[in-house]
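Novice: no FASTA, just this:
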């Protein structure tokens, strides 16, 4: 299909039989350069569907069939595309990329340019016209639904700031960084050390940064087909494919990917969508293709996911990204301040203020970003110097949120499960052996004392138990902790682990 698309592009760009104009020749040079630099697979995935529409006052007009393809090319290859155009034609100032359905209709007459005349495509007669591939169209026919696999491939846009170079490595994320780099640097056909790779972390701990850096780095290699998608985008693409009756192409395109990267898997919803993801996951892993997934909790706790998906994900390498330690937070704050100083050369942030922010805002990297941004904004808008007093006033809600961090029942279950080496599934089960009953009762007690949840709600979260069972567990642990200092110390330790 890519070959057919390329042949059609060459014909349309050259303006039919008169396709020897300077602009058409420059376009062919640009395509050749892109193919040589990126490799055939990457070129076919992202550039085989581009049409040359013409040029106007130094602006080259290109078109693509989908909005996703336009966003992807602009965010990843826009600068390089313009550079190559300028090298091939010194009259080009800018490259304009539009979605084909939004491109203005072109007249059958010649389009006048600064340097060349490129004939518009002839308008076909109202009767059916034979095409080289046997397809037929009419003059007033609407664009046909996309059916090629290339149209199913565009993924979620990548943020160019998210690279390995800009990712700050620390004690709590070093393993995740090493695993991501190994995946990104692998070559096509190499044996996979671990598959799938599962990154687990709460919001703001850097898992999206690592995933996008992995996808971007792997794309630079040029010999693998890489697809980065958020779970929400995966659902959208699948539903859109069903509506457009291209679901088979969508499924087949997924199975041809060499590296599939899925972010925020906890948002993957819908039985049919999960079933298709499970099939794709199995096909890729069984076919020695790499899969990288990120979510805010381990696979076993993604209750909304199909059990088969959770089982397959748990069979790979699970890496948890921990909260940034004080040293890493200091480096994050220092990096953000440098970025702000580049934008505001006269900016002064005292070392004691930077240290205060790093030690006081201990939630996640995004809150550190927000803290620095607020200080700079107040400084630039009011002219007031950045001091400790300003920081305490401006950041009071972030400091308060640290003190009043909301505890989830899932957090308690996870910590208790790890501490007592009891699977979470057993905590929620009906088993009544002593090695399970006591951790379950402690978890219920902590849920009652550390969260605002009611007894009936806690019971529902522990396998659908009655509220009287929860009340019995709470009173039991209160009595035991009052008479057993070792149990009291253990519960206090669990509180600190949960509150970290």
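Specialist: Arrived safely, thanks for sending. Computed from a prediction, not measured in an experiment: that's the story for all the values here.
Novice: where does the stretch 351-500 of the chain have low pLDDT?
Specialist: Judged against pLDDT under 70, the low-scoring parts of the stretch 351-500 of the chain cover residues 400-405, 500.
Novice: go again with 50.
Specialist: Low-confidence segments of the stretch 351-500 of the chain, defined by pLDDT under 50, are located at 402-404.
Novice: which helix or strand lies directly C-terminal to the helix or strand residue 211 falls within?
Specialist: Using DSSP states H and E, residue 211 falls within helix 207-221. Beyond helix 207-221 in the direction of the C-terminus, DSSP H and E gives the next helix or strand as strand 226-230.
Novice: could you say what helices and strands the helix holding residue 211 packs with?
Specialist: helix 174-185, strand 197-200, strand 226-230, strand 259-263, strand 290-295 (3 or more CB pairs under 8 Å, 6 or more residues apart in numbering; DSSP states H and E). All C-beta atoms are positioned from the backbone trio N, CA, C, and that covers glycine.
Novice: outside of that helix, which residues touch it?
Specialist: The set of residues that contact helix 207-221 without belonging to it, under CB atoms under 8 Å, 6 or more residues apart in numbering, is 42, 76, 158-160, 162-164, 166-167, 173, 176-177, 180-181, 183-187, 199-201, 224, 226-228, 259, 261, 263-264, 292, 294, 321.
Novice: pull out the buried residues from it.
Specialist: 207-219, 221 (16 or more other CB atoms under 10 Å).
Novice: tell me how this structure divides into domains.
Specialist: In the assignment given by automatic domain parsing, the structural domains of the chain cover 2-121, 174-320, 326-403, 409-499.
Novice: coming back round to it: format the helices and strands packed on helix 207-221 as a markdown table; extra columns: distance to residue 281, mean neighbour count and mean pLDDT.
Specialist: A markdown table is the format used below for the helices and strands packed on helix 207-221 (distance: least, CB to CB, whole Å; neighbours: other CB atoms under 10 Å; pLDDT from 0 to 100):
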| stretch | distance to residue 281 | mean neighbour count | mean pLDDT |
| --- | --- | --- | --- |
| helix 174-185 | 16 | 19 | 92 |
| strand 197-200 | 11 | 24 | 92 |
| strand 226-230 | 13 | 22 | 89 |
| strand 259-263 | 8 | 25 | 90 |
| strand 290-295 | 6 | 25 | 90 |
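Novice: of all the ones you listed, which lies closest to residue 85?
Specialist: For the helices and strands packed on helix 207-221, the distance to residue 85 is smallest for strand 226-230, at 24.8 Å, taking CB to CB.
Novice: for the residue nearest to residue 337 when sequence neighbours are not counted, which residues are in contact?
Specialist: Of all residues beyond its chain neighbours, the one nearest residue 337 is residue 349 (5.1 Å), with distances taken as CB to CB, 6 or more residues apart in numbering. Contact partners of residue 349, counting by CB under 8 Å, 6+ apart, are 337, 340, 341, 372, 375, 376, 386.
Novice: what strand or helix carries residue 349?
Specialist: Residue 349 is part of no helix or strand when elements are defined by DSSP H and E.
Novice: return the distance of it relative to residue 292.
Specialist: With distances defined as CB to CB, to the nearest Å, the gap from residue 349 to residue 292 amounts to 36 Å.
Novice: quick one: residue 62 and residue 96 touch, right?
Specialist: Yes. Under the criterion of CB atoms under 8 Å, residue 62 is in contact with residue 96, at a separation of 6.9 Å.
Novice: so how far is residue 77 from the nearest residue to residue 375 once chain neighbours are set aside?
Specialist: If the residues on either side of it in the chain are set aside, residue 375 comes closest to residue 386, at 5.2 Å by CB to CB, 6+ apart. Applying CB to CB, one obtains 39 Å for the distance of residue 386 from residue 77.
Novice: repeat that for residue 217.
Specialist: According to CB to CB, residue 217 and residue 77 sit 15 Å apart.
Novice: what does residue 443 give?
Specialist: Spatial separation of residue 443 from residue 77 under the definition CB to CB is 51 Å.
Novice: more neighbours, those two?
Specialist: Neighbours around residue 443 and residue 77, counted as other CB atoms under 10 Å, are more numerous at residue 443. The numbers are 29 against 19.
Novice: which residues does that one contact?
Specialist: Under the criterion of CB under 8 Å, 6+ apart, the neighbours of residue 443 are 412, 413, 416, 427, 462.
Novice: what about 7 Å?
Specialist: By CB atoms under 7 Å, 6 or more residues apart in numbering, the contact set of residue 443 is 412, 413, 416, 427.
Novice: which of these has the most neighbours?
Specialist: The most neighbours, when the contacts of residue 443 are compared by other CB under 10 Å, belong to residue 412, which has 27 neighbours.
Novice: checking my notes, residue 97 in a helix, right?
Specialist: No. Under the criterion used here (DSSP: H, G, I helix; E, B strand; the rest coil), residue 97 is strand, not part of a helix.
Novice: that one is in contact with residue 60, isn't it?
Specialist: No. Using CB atoms under 7 Å, residue 97 and residue 60 do not qualify as a contacting pair, with a distance of 9.3 Å.
Novice: which one of those two is surrounded by more residues?
Specialist: Set side by side, residue 97 and residue 60 show more neighbours around residue 60, with 25 against 19, by other CB under 10 Å.
Novice: just confirm the more buried one is within a strand.
Specialist: Yes. Under three-state DSSP, residue 60 falls within a strand.
Novice: do you know the pLDDT at it?
Specialist: Residue 60 carries a pLDDT score of 89 in this model.
Novice: try residue 168
Specialist: The predicted local confidence for residue 168 is 91.
Novice: can you show me the helices along the stretch 401-500 of the chain?
Specialist: In order along the chain, the stretch 401-500 of the chain carries the following helices (DSSP state H, counting those that start in this stretch): 409-420, 424-428, 434-450, 455-461, 467-483, 485-499.
Novice: between the ones you listed, which gets nearest to residue 50?
Specialist: Checking those against residue 50 by CB to CB gives helix 409-420 as the closest, at 46.4 Å.
Novice: any chance you could list what contacts that closest one?
Specialist: When contacts are taken as CB under 7 Å, 6+ apart, the neighbours of helix 409-420 outside the stretch itself are 297, 301, 423-424, 427, 439, 442-443, 446-447, 450-451, 453, 458, 461, 494, 497-498.
Novice: what residues of it count as buried?
Specialist: Residues of helix 409-420 classed as buried by neighbour count (16+ other CB under 10 Å): 409, 411, 412, 413, 414, 415, 416, 417, 419, 420.
Novice: from those residues, which single one is nearest residue 365?
Specialist: Checking the buried residues of helix 409-420 against residue 365 by CB to CB gives residue 411 as the nearest, at 19.3 Å.
Novice: how near is that closest one to residue 497?
Specialist: Using CB to CB, one gets 9 Å for the distance from residue 411 to residue 497.
Novice: likewise residue 291?
Specialist: 31 Å.
Novice: tell me which of the helices and strands packed on helix 207-221 sits nearest to residue 69.
Specialist: strand 226-230 (12.9 Å).
Novice: the closest one pairs with which strands?
Specialist: strand 259-263 (parallel) (DSSP bridges).
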